[in-house]
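> Generate coordinates for the sequence data below:
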Amino acid sequence: MDLTNSFGVQSILEDRNGTLWFGFSGGLFRLNGSSIINVTQEGPWK
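Predicted coordinates:
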């Protein structure tokens, strides 16, 4: 998924477990291996 053409990065955070979280203008995403997963209110959080 190429998010660079569709979404603007608002923030990046690495949590204490080493998971990278991205706040884009289009929502919350997290890095899962080599995939970027969209996280909604229902998850997936893990």
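
> Nearest residue to the middle of the chain?
Nearest to the geometric centre of the chain sits F29, at 1.8 Å (Cα atoms, centre = their mean).

> What residues does it make contact with?
L3, W21, F22, I36, I37, N38, V39 (Cβ atoms under 8 Å, 6 or more residues apart in numbering). From N, CA and C alone the C-beta is placed, and that goes for glycine too.

> Who does it form a beta bridge with?
F22, N38 (DSSP bridges).

> Show me the strands in the chain, by range?
9-14, 20-24, 27-32, 35-39 (DSSP state E).

> who does the last one touch, helix- and strand-wise?
Packing partners of strand 35-39 (3 or more Cβ pairs under 8 Å, 6 or more residues apart in numbering; DSSP states H and E): strand 27-32.

> what stretches of this structure score poorly on pLDDT?
Applying pLDDT under 70 to the chain flags residues 1-7, 45-46.

> Could you measure from G43 over to I37?
G43 is 10 Å from I37, where distance means Cβ to Cβ, to the nearest Å.

> So for those two, which sits in the more crowded spot?
Taking neighbours as other Cβ atoms under 10 Å, G43 and I37 compare with I37 leading, 14 against 8.

> got a list of what that one touches?
F29, R30, L31, P44.

> for the residues you listed, which one is nearest E14?
L31 (9.4 Å; Cβ to Cβ).

> Tell me how many other residues crowd that closest one.
L31 has 15 nearby residues by other Cβ under 10 Å.

> Count the residues that sit near the closest residue to it other than its chain neighbours.
Among residues not flanking L31 along the chain, L20 sits closest, at 4.2 Å (Cβ to Cβ, 6 or more residues apart in numbering). Residues near L20, counting by other Cβ under 10 Å, number 13.

> Please verify my assumption that L20 contacts S11.
No. If you go by Cβ atoms under 8 Å, L20 and S11 don't touch, sitting 11.0 Å apart.

> that older thread, pull out the buried residues from the contacts of F29.
Buried subset of the contacts of F29 (neighbour count, 16 or more other Cβ atoms under 10 Å): F22, I36, V39.
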